[in-house]
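>>> My questions are about this predicted structure, shown below with the sequence.
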Amino acid sequence: MFVTFEGIEGCGKSTQARRLEKNLGKLGIPAVLTLEPGGTRIGGDIRRILLDFKNRDLCPLAELLLYAADRAQHVEEVIKPALQAGKWVVCDRFFDATTVYQGMARQQDMTLVKMLNEKASMGIRPDITFLLDCPPEVGLKRALSRNQATDEKGQDRFEREERAFHEAVRQGYLLVAKDEPHRFRVVDATLQEDAIEALILEHLRPLIPKG
C-alpha cells in the first residue's frame, strides 16, 4: 500500500505522515516513512539545493528537473523495494507536488511535467493520497514558526514566495484532487492534529488487513 501526503507549506502533512507510520506499527503493519525531496542520501543533497533561499535564482526548468532526479533515485532506492517487500510506504509528497508546484504554479509545460513524473515514478502510483488543505496564511505562519524553531533556517525558498504563488499551489491541489476523487481524500488541515489523525485512520480502515 502506497500512501502519500500533499498540501501547501505548513499544512501539517509531515506530522500526519509520522503519526500514520507509528499507528501502522501499532497495528503490526510494516511501513516505511519517507519524503520528497530528500528520501535518499543523494536526494538529501538535491533537497538542500532546492530549498536553500540563496538559490532563489534557480530557474523553473532546472527546479523541475532536480525534482525529477530526486524522485527517480527515491523510487529506485526506497519506494519500489519497500512495496515489492510487501511493506506500506508513507510518503511526504510525491508526483502530485511536481504537477502542482512546477506545472501549475510555475507554469511549466504540463506535457513535460507529466512525462517526467511518469518516467521518474517508474509507473508507481499512490493507492491513496491525503490532501491537507488550509489557507496559505495559516500554513505559512506554521511553516515559518517551524523553520525558526529547527535547523531549517535558510531552507525556506518556497516559504518566501509571494502569496499569489501559494494560493496557486492550493488551488492547483484542489483541482487535481477533484480530477481524481477515487484516490484523493481532502482533509481540513485547520483542525486539531488529533482530529486530523483520526480522520486519516478512518479513511484507511477499509484498507487495513483484518486480524
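On my side now, so go ahead.

>>> Can you tell me which helices and strands the lengthiest helix in the chain packs against?
The helix spanning the most residues in the chain, taking DSSP state H as the definition, is helix 163-179. Packing partners of helix 163-179 (3 or more C-beta pairs under 8 Å, 6 or more residues apart in numbering; DSSP states H and E): strand 128-133, helix 136-149, strand 184-188. Glycine gets a C-beta too; all of them are placed from N, C-alpha and C.

>>> Minimum distance to Ile49: which of those has it?
For the helices and strands packed on helix 163-179, the distance to Ile49 is smallest for helix 136-149, at 17.1 Å, taking C-beta to C-beta.

>>> Restricting to C-alpha, output the closest one in PDB.
These are the backbone C-alpha positions of helix 136-149, laid out as PDB (Å, rounded to 0.1, in the frame of the first residue of the first chain):
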ATOM      1  CA  PRO A 136      -2.000  30.000   2.700                       C
ATOM      2  CA  GLU A 137      -1.900  32.400   5.600                       C
ATOM      3  CA  VAL A 138      -2.400  29.500   8.100                       C
ATOM      4  CA  GLY A 139       0.100  27.200   6.500                       C
ATOM      5  CA  LEU A 140       2.800  29.900   6.100                       C
ATOM      6  CA  LYS A 141       2.500  31.000   9.700                       C
ATOM      7  CA  ARG A 142       3.100  27.500  10.900                       C
ATOM      8  CA  ALA A 143       5.900  26.900   8.400                       C
ATOM      9  CA  LEU A 144       7.800  30.000   9.400                       C
ATOM     10  CA  SER A 145       7.500  29.200  13.100                       C
ATOM     11  CA  ARG A 146       8.700  25.700  12.400                       C
ATOM     12  CA  ASN A 147      11.700  26.800  10.500                       C
ATOM     13  CA  GLN A 148      12.700  29.300  13.200                       C
ATOM     14  CA  ALA A 149      12.500  26.500  15.900                       C
END
